[in-house]
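[1] Show me the folded form of this:
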Amino acid sequence: MASRDPVADLRRIAFLLERANEATYRVKAFRSAAATIAALPPAELASRTAEGTLAKLAGVGEVTARCITESLAGEEPVYLRRLASTEGTDLEGAAAVLREALRGDCHTHSDWSDGGSPIEEMALAAVELGHEYLVLTDHSPRLTVARGLTAARLRRQLDHVARLNDALPEGFRILTGIEVDILADGSLDQEDELLERLDVVVGSVHSGLRDDSSRMTRRMLAAIANPHLDILGHMTGRKVSAAGEGDRAHRGGRTRPPSEFDLQKVLAACVEHGKAIEINSRPDRLDPPKRMLTVAVEAGCLFSIDTDAHAPGQLDWQRFGCERAALCGVPVDRVVNTWAADRLLEWTAGHSRAD
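    Reported below is the predicted structural model:
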């Protein structure tokens, strides 16, 4: 029996673990093992497998060694087979239509800030999911806990992305972007010259989340009116249990109540300035809440269904956003990342002229 590719199998396991929101240490175990054996000469890998000494390698444990051995023997690793059998059911109805229509993801992170994987790994995972583009939106300087990018580091990243795009599969590209902090006065946490260069700017509130409603409203309105901002990220800042939205599901989990602001004014500003509201697909955010999302649909807002992914497997979390969008009647043609890249870029470039 012909052998399988153990590196690909280990990475697939890591992807499925990320998709299932499993513990980070489990994901790292498989990615570390993949990196270790990818660097080994084939002859050494074969001899260590035969001798049963794979687990003596740094980054390889008993479980990952067993997966490698099974893969080299031409068998689908049991661990992978078990994960694949519990991936979940396919999307149905309107949610499936939305997911099929998505061409990219407008909110993702890499190891340049607080993500766990290199940009190229995120991009190749997006290719495998059928995306046409991936918007890279690492954090801005003031969010030091997330290793936010200074202006100098962001410039280096732009050069790096340009080189990567030359090497990526034809028909796919990384779009440049940032998740920029919306500061206390509503200004954006990066130089205007750099924001002007970026393809897509997601603006999010990460501090002062308990500001009173009037202050938070002024802050958000100022950011929305800024011609550089394109998408309002996780608009309420809430955190919920990955299990769901009900109070019972929250017990024992990490939660954070939504910020308070004048929803009608914020939605009206988004419509006036042609900005999109993010439907954040992360299981621990699911932001905005369905009641707000329904009001935003009625107000005529644009949307972006994003993962806020910090690892390759999380890029498949868009299904959760699609399910919520479908429940709330979000029209496909008002989701900006169902648009082709050129149309998306025409929209983002048009804000300064429209304003």
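[2] So in terms of bridging, what pairs with the residue nearest to the spatial centre of the chain?
    Among the residues of the chain, the smallest C-alpha distance to the mean C-alpha position (CA atoms, centre = their mean) belongs to Ala309, namely 2.3 Å. Ala309 has these beta-bridge partners by DSSP bridges: Thr108.
[3] I'd guessed it sits against His109; true?
    Yes. In terms of CB atoms under 8 Å, Ala309 counts as a neighbour of His109; the distance is 6.7 Å. Using the backbone N, CA and C atoms, a C-beta is placed for each residue, glycine as well.
[4] shared neighbours of those two, which are they?
    The contact sets of Ala309 and His109 overlap at Gly115 (CB atoms under 8 Å, 6 or more residues apart in numbering).
[5] Backbone dihedrals for the closest residue to Val205 other than its chain neighbours, please?
    Across the structure, with CB to CB, 6 or more residues apart in numbering as the measure, the residue nearest Val205 apart from its sequence neighbours is Ile182 (4.9 Å). Its backbone dihedrals place Ile182 at phi -90, psi 110, with angles given as degrees, to the nearest 10.
[6] Over to Ile178?
    Dihedral angles (degrees, to the nearest 10) for Ile178: phi -160, psi 150.
[7] And for it, the neighbour number?
    Taking other CB atoms under 10 Å as the criterion, the count of residues near Ile178 is 28.
[8] show me what contacts it?
    With contacts taken as CB under 8 Å, 6+ apart, Ile178 has the following neighbours: 137-140, 149, 154, 190, 194-195, 198, 201-202.
[9] Just the closest of those to Thr348, please.
    Proximity to Thr348 was ranked across these by CB to CB; first place goes to Val201, at 7.5 Å.
[10] Would you mark the buried spots in stretch 294-312?
    Neighbour-count burial for stretch 294-312, counted by 16 or more other CB atoms under 10 Å, picks out 296-297, 301-312.
[11] about what we covered before: tabulate the contacts of Ile178 in CSV, adding columns for neighbour count.
    Listed next are these as CSV, based on neighbours: other CB atoms under 10 Å:
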residue, neighbour count
Thr137, 30
Asp138, 24
His139, 24
Ser140, 29
Leu149, 23
Leu154, 22
Gln190, 22
Leu194, 19
Leu195, 22
Leu198, 22
Val201, 29
Val202, 25
